[in-house]
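Student: A structural model of the following input is requested.
(one chain, ligands or ions: 2)
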Amino acid sequence: MDRIRIVGGNPLNGVIPISGAKNAALPLMIASLLTDDTLTLENLPHLADVEQLQRILGNHGVDISVTGRREGQDSAYSRTVHFTARTIVDTTAPYELVSKMRASFWVIGPLLARMGEAKVSLPGGCAIGTRPVDLFIDGLEHLGAEISIENGYVLAKAPNGLTGGRYVFPKVSVGATHVMLMAATLAKGETVIENAAREPEVVDLAKCLTAMGAKISGAGTSTITIEGVSSLSGARHRVLPDRIETGTYAMAVAMTGGDVLLENSSEALLESALLAIRRTGVEITPEGTGIRVRRNGGDILPVDVTTDPFPGFPTDLQAQFMGLMTRANGVSHITETIFENRFMHVQELARLGARISLSGQTATVTGVPVLRGAPVMATDLRASVSLVIAGLAAEGETVVNRVYHLDRGFERLEEKLTRCGAVVERISD
Ligand SMILES: CC(=O)N[C@H]1[C@@H](OP(=O)(O)OP(=O)(O)OC[C@H]2O[C@@H](n3ccc(=O)[nH]c3=O)[C@H](O)[C@@H]2O)O[C@H](CO)[C@@H](O)[C@@H]1O
Ligand SMILES: C=C(OP(=O)(O)O)C(=O)O
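Tutor: Ligands and ions are numbered 1, 2, ... in the order given. As a prediction, this is how the structure comes out:
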């Protein structure tokens with residue numbers, strides 16, 4: 001099992017190319033199930049989750065080919081991948097494939113809309129809470145689906161196709177919004193989704209579906225209206241930049257000091273997170289096609305954050321922000337409101353000398369002047385990268401175990417950091 005070894009203490013200086021967003025890429029790939037034509041996705045990140053979803057789509061009969069050079073013209077990391085679901089050969093998504101990743105459950109929407117049936121295993125994903133699927137079931141039932149759960153599988157049927165309807169989400173769900181959006185594109189008549197997720201990844205999916213011929217308005221607001229069409233065509237779409245990767249590297253620079261251009265990203269994707277990072281004493285400015293992050297000396301200031309659905313502070317940056325706050329000059333409070341068990345990084349950060357106490361959904365972080373390297377274990381994707389951020393500033397050697405979590409969502413992390421002067425290497429046993 002691979003590990004990441006970090007020797008802390010170096011500032012970061014240089015350029016980090018930001019990859020296509022994992023959390024946009026996954027629903028976009030799934031949207032290919034909606035058409036028998038080819039969906040071409042540019043800027044698709046090369047990640048373990050993307051590969052896993054390729055296996056799942058392949059099982060349904062999707063033909064997948066890569067034409068864009070990995071060493072592309074506009075970015076050293078971009079790929080162009082073509083997805084063609086000429087025929088759906090299997091409407092079952094089996095446990096062995098789906099249990100590894102939460103987003104794979106989302107195939108239920110397109111399969112049901114196009115084929116009138118789907119049998120999908122209950123999902124896996126980061127162990128950050130119970131993560132039920134009740135909203136997906138409730139939402140699809142509002143479009144006329146008949147749904148039952150048997151032996152760990154969700155069985156969904158709509159033999160005469162889905163019918164548009166109005167669904168008010170009782171709670172904001174990114175995944176269930178993606179699924180309702182995809183399912184409604186092929187439903188008969190109009191669907192109105194209220195209290196929809198407003199995340200940029202939802203907007204990106206809506207853009208792609210629109211390019212495929214769907215009729216959607218309101219994506220990016222709480223109310224999305226979809227007028228069903230009888231079929232969708234192929235399209236070419238560029239995956240939007242990864243705002244979580246952007247915020248993560250911005251925090252790495254805030255932690256170590258230095259001057260880094262985060263290339264191919266946009267402030268608009270993560271304004272609330274950048275505001276919090278700025279308040280810690282970092283200069284962040286737009287530059288060309290990216291964002292420049294600078295901190296030259298001075299204390300890291302303590303800042304309180306509370307996670308919230310977009311446009312609030314993203315839960316996917318909570319662990320990294322806590323990593324940063326471990327070195328702040330003062331006390332900060334970090335409150336998690338999205339997932340009930342997303343503090344698994346606390347005990348690992350403590351191994352590096354962090355002082356954090358937990359009370360309910362709030363962590364109180366008392367900054368320390370020095371972190372010291374130690375062996376640590378990644379427990380989930382964003383938790384693991386918070387350990388990398390802390391390790392970059394710690395004295396001596398930090399070894400992050402269970403790197404497969406990192407590989408789910410961070411493309412060439414060690415290479416990107418090393419190019420900016422960090423001492424980071426992958427150890428393969
Ligand atoms: C692949 C992907 O894009 N993952 C992201 C997506 O996850 P995901 O789509 O799984 O997250 P949701 O927005 O659905 O979850 C938000 C909250 O709603 C709850 N819920 C959700 C569905 C449901 O049927 N019932 C229910 O109670 C969840 O347990 C959670 O407490 O959005 C999260 C919130 O921004 C991010 O942390 C994840 O990185
Ligand atoms: C929680 C995440 O992913 P998933 O929803 O796939 O578990 C994440 O991307 O931080």
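Student: What are the structural domain limits within the protein?
Tutor: Listed by automatic domain parsing, the domain ranges of the chain are 3-18+241-427, 22-238.
Student: With mean neighbour count and mean pLDDT as new columns, can the ones you listed be given to me in a markdown table?
Tutor: C-beta here means a position set from N, CA and C on the backbone, and glycine is covered the same way. Below are those laid out as a markdown table (neighbours: other Cβ atoms under 10 Å; pLDDT from 0 to 100):
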| stretch | mean neighbour count | mean pLDDT |
| --- | --- | --- |
| domain 3-18+241-427 | 21 | 96 |
| domain 22-238 | 20 | 93 |
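Student: Would you mind telling me which of these is nearest ligand 1?
Tutor: For ligand 1, the closest of the domains of the chain is domain 22-238, at 2.8 Å, according to Cβ to the nearest ligand atom.
Student: near ligand 1, which residues of the stretch 51-200 of the chain show up?
Tutor: 102-103, 129, 131-136, 171, 173-176 (Cβ under 6 Å from any ligand atom).
Student: Reformat the residues you listed as TSV; add secondary structure and distance to R327.
Tutor: What follows is these, written out as TSV (DSSP: H, G, I helix; E, B strand; the rest coil; distance: Cβ to Cβ, whole Å):
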residue	secondary structure	distance to R327
R102	helix	31
A103	helix	33
G129	coil	27
R131	coil	31
P132	coil	36
V133	coil	39
D134	helix	40
L135	helix	38
F136	helix	40
K171	coil	34
S173	coil	34
V174	helix	31
G175	helix	34
A176	helix	37
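Student: which of these are close to ligand 2?
Tutor: R102, A103.
Student: From the residues of the stretch 51-200 of the chain next to ligand 1, pick the one nearest ligand 2.
Tutor: Taking these together and measuring to ligand 2 by Cβ to the nearest ligand atom, the closest member is R102, at 4.0 Å.
Student: Isn't that closest one up against R131?
Tutor: Yes - counting by Cβ atoms under 8 Å, R102 touches R131, with 6.6 Å between them.
Student: Can you verify my assumption that V368 contacts L352?
Tutor: No - using Cβ under 8 Å, V368 makes no contact with L352, being 9.2 Å away.
Student: Next, show the common contact partners of those two.
Tutor: T326 (Cβ atoms under 8 Å, 6 or more residues apart in numbering).
Student: Give me the distance between V253 and ligand 2.
Tutor: For V253, the distance to ligand 2 (Cβ to the nearest ligand atom, to the nearest Å) stands at 21 Å.
Student: distance of that residue from T337?
Tutor: 27 Å (Cβ to Cβ, to the nearest Å).
Student: With A145 instead?
Tutor: Where T337 is concerned, A145 sits at a distance of 30 Å (Cβ to Cβ).
Student: go on, E263?
Tutor: 32 Å.
Student: Which parts of the chain are helices?
Tutor: 22-31, 48-60, 95-98, 108-115, 134-142, 174-185, 200-211, 243-256, 271-279, 318-325, 346-351, 381-393, 404-409, 413-418 (DSSP state H).
Student: For the fifth one, what is the distance to the chain centroid?
Tutor: The chain centre lies 22 Å from the centre of helix 134-142; the measure is Cα atoms, centre = their mean, to the nearest Å.
Student: if we can go back for a sec, check the residues of the stretch 51-200 of the chain next to ligand 1 and tell me the two furthest apart.
Tutor: A103 and K171 (18.3 Å; Cβ to Cβ).
Student: List the neighbours of stretch 362-373 that are in contact with it.
Tutor: Contacts of stretch 362-373 (Cβ under 8 Å, 6+ apart): 6-8, 300, 302, 322, 325-336, 343, 346, 352-358, 390-391, 393-398.
Student: what's the span of that stretch, first residue to last?
Tutor: 25 Å (Cα to Cα, to the nearest Å).
Student: for stretch 218-226, same thing?
Tutor: 9 Å.
Student: starting at the chain centroid, how far to that stretch?
Tutor: Distance, centroid of stretch 218-226 to centroid of chain: 20 Å (Cα atoms, centre = their mean).
Student: Understood, closing this out.
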